[in-house]
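Colleague: Based on what follows, work out the 3D shape:
(one chain, ligands or ions: 1)
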Amino acid sequence: MLSVEDITMRFGGLVAVGGASLTVPKGAIVGLIGPNGAGKTTLFGVIAGFLKPTSGRVSFEGCDITALPAHVRAQEGIARTFQIVQPFAGLNVRENIAVGAFLRHRNSADAHALADAVGHRVGLGADLDKPASSLTVAGRKRLELARALATEPKILLLDEVLAGLNPSEIRDIVPVIRSIRDEGVTILMIEHVMQAVMNLCEQVYVLAQGRMIAQGTPQDVCEDPHVVEAYLGRGAAERLRTVGANHA
Ligand SMILES: Nc1ncnc2c1ncn2[C@@H]1O[C@H](COP(=O)(O)OP(=O)(O)OP(=O)(O)O)[C@@H](O)[C@H]1O
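Modeller: As a prediction, the model looks like this:
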């Protein structure tokens, strides 16, 4: 469904992403992991059309979309969430979600009806009339997910939707992400919460200093010495291997 080929993104003299490639098959949940500053969010910006790459190509459903602006990519079915959640503070939760729904529904009643449905789907059903500013961190993360889902995407790019959540909040939201995929939305997710990556993703790509250093199943990448060295560390890799073995 999505193919990123040999993308390089320079900011002046800094090579944030250097020759990175990845593919996301339709119906998959694919993870993108790596240390802080590796270039993950920059790559999302390139895929969603917020950043024009220095070189390389992005294809979606077989078409070259590298030159398309972000709003056209959204219409084509690419949606992203942002790491730093910034809801419209003066609007309630339903109205915030409806902002996404207006992409395909010009009629206000239709957009609000879709916002209600999406709000319930992500667990915000009881909060739809509350001001967005009153939500907890976990609520805001769900709202960010809902705003992107309300654009009715074919592929959802999730940028650290689990960051800042406690273990029980993470346990609650992981099944929501899986159910979104099960209902037909392909997912590419940047995530540092490795337990969730192990649980959700079929394939994982590892970016370090702008370069793709590994790809494979979560189990494969946890056993890759380059990934252990550049990102996981030995203790975490060992714990994750145990988790993987227990899952199997
Ligand atoms: N607009 C920009 N201008 C200049 N440098 C930038 C810009 N955006 C990102 N960078 C730099 O590019 C590098 C990659 O940053 P990026 O945010 O993509 O990393 P990341 O892997 O998403 O990190 P994190 O896990 O901390 O979110 C960093 O060195 C960052 O400072």
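Colleague: Phi first, then psi, for the residue positioned nearest the centre of the chain.
Modeller: Central residue of the chain (CA atoms, centre = their mean): Leu158, 1.3 Å from the mean position. Backbone torsions of Leu158, given as degrees, to the nearest 10, read phi -100, psi 120.
Colleague: Pro153 now?
Modeller: According to degrees, to the nearest 10, Pro153 has phi -80, psi 160.
Colleague: Tell me how many other residues crowd it.
Modeller: Pro153 has 22 neighbours, counted by other CB atoms under 10 Å. (Glycine included, C-beta is placed from N, CA and C.)
Colleague: ok, it to Ala214 distance?
Modeller: 27 Å (CB to CB, to the nearest Å).
Colleague: ok, now Gly139?
Modeller: 35 Å.
Colleague: Over to Arg147?
Modeller: From Arg147 over to Ala214 (counting by CB to CB), the distance is 32 Å.
Colleague: now Ile84
Modeller: 28 Å.
Colleague: average pLDDT for stretch 64-78?
Modeller: For stretch 64-78, mean pLDDT rounds to 96.
Colleague: now that stretch: how far from the chain's centre is it?
Modeller: Distance, stretch centre to chain centre, for stretch 64-78: 16 Å (CA atoms, centre = their mean, to the nearest Å).
Colleague: now for that stretch, what's the gap between its first and last residues?
Modeller: With CA to CA, to the nearest Å as the measure, stretch 64-78 spans 14 Å from end to end.
Colleague: Contacts for it next, please.
Modeller: 2, 47-50, 53, 56-61, 103, 151-155, 157 (CB atoms under 8 Å, 6 or more residues apart in numbering).
Colleague: Can you flag which of the residues you listed belong to strands?
Modeller: Among the contacts of stretch 64-78, the ones falling in strands (DSSP state E) are 2, 56-60, 155, 157.
Colleague: sorry, back to before: Ile84 and Ala214: who's more crowded?
Modeller: Ala214 (22 against 8).
Colleague: Tell me which residues touch that one, please.
Modeller: 205-206, 220-221, 224, 226-227 are the contacts of Ala214 under CB under 8 Å, 6+ apart.
Colleague: Can you give me the neighbour number for the closest residue to Lys130 other than its chain neighbours?
Modeller: In space, and not counting its chain neighbours, Lys130 is closest to Val93: 5.7 Å by CB to CB, 6 or more residues apart in numbering. The tally of other residues near Val93 (other CB under 10 Å) stands at 28.
Colleague: Help me confirm that Val93 comes into contact with Arg140.
Modeller: No: if you go by CB atoms under 8 Å, Val93 and Arg140 don't touch, sitting 9.8 Å apart.
Colleague: give me the beta-bridge partners of Val4?
Modeller: Leu22, Val58 (DSSP bridges).
Colleague: for the ligand, what are the nearby residues on this structure?
Modeller: 11, 14, 16, 34, 36-42, 83 (CB under 6 Å from any ligand atom).
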